[in-house]
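1. Sequence plus the predicted model coming up.
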Amino acid sequence: MELTVNQMLQQGVAAHNTGNLQEAERLYRAILQSQTAHPDANHNLGLIAVSMNQSAAALPLFKLALETNPKMEQFWLSYIDALIKEKQFENAKQVLEQGKKQGVAGEKLNALESQLASINQTENVDSASPSPQQLSSLLEYYQNGRYGDAEKLALSVTQEFPNHQFGWKVLGAVLKQTGRISESLVPSQKSVQLVPQDAEAHNNLGTTLQELGRLEEAEESYRQAIAITPDYAEAYNNLGATLQELGKLEEAESSYKKSIELKYDYTEAHYNMGITLNKLGKLDEAEVSYRQAIALKSDHAEAHCNLGTILKERGRLEEAEVSYRQAIALKSDFSEAHYNLGNTLNKLGKLDEAEVSYRQAIALKSDHAEAHCNLGTMLKEQGRLEEAEESYRQAISLKSDFTFAHNNLGNALQELGRLEEAEESYRQAIALKPDYAEAHNNLGNALQELGRLEEAVGSFRQAIALKPDYAEAHYNLGVLLFETKQYDMAAELFGLVDIHKSKSYGIRCSYLQDEETVFYEKLKALIDQGECDAVIGSLSCSAEIRYGVRKPNPFCNDPLKYVVKTDLNERYDFENIFAKTARDILTDKSVSYKTQGLLTKGIQTAGNFFAMKKVFITEIESIIRAEIEKYRINFEDSEEGFIKNWPTSYDISGWLVRMQSGGELAAHMHDTGWLSGSIYINVPPKSKTDSGNLVVCVGDQKNVLGADKNQESIIDVVTGNLCFFPSSLHHYTVPFEEEENRIVLAFDVLPKK
């Protein structure tokens, strides 16, 4: 069967590539018998001639191929190279200029131009010069990546012909390509000195200086290259990168724009322009630049990654995720893309996937301090505080001045109840960054729990001084003033911030100051807004007792009906699961205790009991969750607000309380809770009827003594009991006389935001 022209060309190329030149030539000539102007056949036949040192015979073949298809860049390169080999230098220069006008660009064309410049130098210098064959071989070695051979020959040429530029130029390029940037500087400088009008030599020197961090000198070299060749797109791009590093962002933007004007399909210029525009805050334009870079080079992993960052900053998280995943698909070991994907997935609430991404970033780059820190933050949000602590400490070990990690470590330690260590971490963050308002605020919280109230006030005020609109610091200072009964000042602070809980505290200030009219106005406003929480429920009940006015209670109208006591001894190994765990924690010297003004002759653990994540604590939490679900099901037909609006997801926050003989807990309520509970780890035998019992009451503290018996209930508790009650109820304990300690695990159900 007779072969088609395309089939003959494919077979010819295959033979050519395997070194069977005789068969390749036969096939190419067979094509030319039917199509005398076939560009590929003429060009490839010319290549065979050049390989046999018959450049003269190749010239008409290359010329015909080029005339037939001037769009093929390789045809220009082959033709110019053959002209140089035949010493037709003027013709080579003319063809090279024609190629530039045709749009031919790239490193190989620049190398041929440099070779011609060197040959021109040879013709005008009255000294010995390398032969055209040496120059051709040197160029061939470099272009084909044979850097060892190129370096050896370049060294030989520079030693034999020290005043000839081309050897220096290639030597500088080879040393840079092989990572020896410092060594490449002298040859690059020598190249410029020998031929000051060689724009490429100035550009090469600029890239060397830039990599060495000598940015002002690099800028000068690029400007010199542009002065010599005003349409030098690569030099404009490199100048832009240097200006960007120097912080001259507007000038960098201008350079990139010029580079793109000269060469619109210049991918790196579009990409670099995106980086500069991003730093200038021009996010819309930056996105366009990154997308243009990707359109020109779809496998540009860095452009996909940076586009993802733009999209993330603009809140387009799903699109950002797609971009980061594309970057990783193109470059699986791209640590920064894995890290950024983790940040995006975290914001999207895909915590399991975010953890995988952070850990992958760390696996690829173990010293990625930010990835360790952000992994810690994600673990903390999941309640995995001990793992979070480990991640923060790893970040700090890699980057000791990482203020954010020190602050976040303090947050984790505070939730773990290790208040002295938390204080130390916050102070370290502040020492590194004295104007770190968030760290001052967090230090205030730790000091407040430690009972050092004056110092806490100072920290909150410092946070506010540094950041006057810092709502959380205003709120925290307000809470501290509220707890120390400075209601006027507290109310003023709560009125300054738009934090949900500040409204609850604001109305409590009005109630405690006996501002009946203002109180009811605030209460109505909150109820009309659909607010439903324990504070509103408690205040509605207390105000009814105080003022004799019954108002709708959105939380619970009759909370005493929802008090439930259960005996855990009947279902669980109470001693090993609950009692032993509590005793172990209370004897652990690393556990901190918070100041608790409501306690007499007692102590309360700091932080969240359930954050410790010890084996039995995890089991205790599971048991409590199961009992909470039973409670909900038991009352699921209720019309009370706290049942109808039961949180779809919640956390449990708990603490241990240990009292000595004579100890008691004053009346209070749990402001942030939904459902409160207490597990009685150890209740001493009662010498009196109600010794050590729990009292729950509808009214506030002022109404407890002598309260109407319909407004309170005494719960007879013994070791192993679990009590649940709506968090709107006030509660207190009856003092006990026995020497044995009374130990309770108290907890709240906290609706997730």
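-> The structure has been received and is ready for your questions.

2. May I have the distance across stretch 526-536, first residue to last?
-> Using C-alpha to C-alpha, to the nearest Å, the end-to-end distance of stretch 526-536 comes to 8 Å.

3. For it, buried residues please.
-> 526, 527, 531, 532, 533, 534, 535, 536 (16 or more other C-beta atoms under 10 Å). Heads up, the C-betas are built off the backbone N, CA and C, glycines and all.

4. Check the residues you listed and tell me the two furthest apart.
-> With distances taken as C-beta to C-beta, the most widely separated pair in those is 527 and 534, at 14.1 Å.

5. Would you mind measuring from residue 260 to residue 270?
-> Distance from residue 260 to residue 270, counting by C-beta to C-beta, to the nearest Å: 6 Å.

6. Please say which of these two ends up with more neighbours.
-> Taking other C-beta atoms under 10 Å, residue 260 and residue 270 do not tie; residue 270 has more neighbours (26 against 21).

7. what about the more buried one, which SS state?
-> Three-state assignment for residue 270 (DSSP: H, G, I helix; E, B strand; the rest coil): helix.

8. is it true that it touches residue 289?
-> Yes - between residue 270 and residue 289 there is a contact at 5.1 Å, judged by C-beta atoms under 8 Å.

9. Can you name the element that comes right after the host helix or strand of residue 429?
-> Element membership of residue 429, judged by DSSP states H and E, is helix 419-432. Downstream of helix 419-432, the next assigned helix or strand under DSSP H and E is helix 437-449.

10. residues in contact with that following helix?
-> Helix 437-449 is contacted by residues 403, 406-407, 410-411, 414, 419, 422-423, 426-427, 429-430, 433, 453, 455-460, 462-464, 466-467, 470, 472-473, 476-477, 480, 594-595, 606 when judged by C-beta atoms under 8 Å, 6 or more residues apart in numbering.

11. buried set for that helix?
-> Here helix 437-449 shows 437-449 as buried, counting by 16+ other C-beta under 10 Å.

12. got a list of what residue 14 touches?
-> Contacts of residue 14 by C-beta under 8 Å, 6+ apart: none found.

13. Please report the distance of it from residue 27.
-> Applying C-beta to C-beta to residue 14 and residue 27 gives a distance of 9 Å.

14. repeat for residue 751
-> In this view, residue 751 and residue 27 are 79 Å apart by C-beta to C-beta.

15. Show me which of these two is the more surrounded one.
-> Neighbours per residue (other C-beta under 10 Å) separate residue 751 from residue 27, with residue 27 holding more: 23 against 16.

16. and the helix or strand encompassing the more buried one, how far out from the chain's middle?
-> Residue 27 is part of helix 21-34 when elements are defined by DSSP H and E. Remark: helix 21-34 is offset 60 Å from the chain centroid, using C-alpha atoms, centre = their mean, to the nearest Å.

17. next one: whatever helix or strand comes next after it to chain centre, how far?
-> Proceeding N to C from helix 21-34, the next assigned helix or strand is helix 39-51, under DSSP H and E. Chain-centre distance of helix 39-51: 54 Å, with C-alpha atoms, centre = their mean.

18. Go through helix 39-51 and flag the buried ones.
-> Judged by neighbour count (16+ other C-beta under 10 Å), helix 39-51 contains these buried residues: 39, 40, 41, 42, 43, 44, 45, 46, 47, 48, 49, 50.

19. need the longest strand for this structure.
-> strand 650-665 (DSSP state E).

20. After that one, heading C-terminal, what element do we hit next?
-> Using DSSP H and E, the helix or strand that follows strand 650-665 in sequence is strand 675-682.

21. helices or strands next to that following strand in the packing?
-> helix 615-634, strand 721-726, strand 742-751 (3 or more C-beta pairs under 8 Å, 6 or more residues apart in numbering; DSSP states H and E).

22. Out of those, the one nearest residue 514 is which?
-> Comparing the helices and strands packed on strand 675-682 by C-beta to C-beta, strand 721-726 comes nearest, at 25.1 Å.

23. Describe which strands the closest one pairs with in its sheet and in which direction.
-> Sheet pairing for strand 721-726, assigned by DSSP bridges, gives strand 564-567 (antiparallel), strand 675-682 (antiparallel).

24. Let me see the mean pLDDT of the last one.
-> Along strand 675-682, the predicted confidence averages to a pLDDT of 97.

25. just the first one next, same as before
-> In this model, strand 564-567 carries a mean pLDDT of 96.
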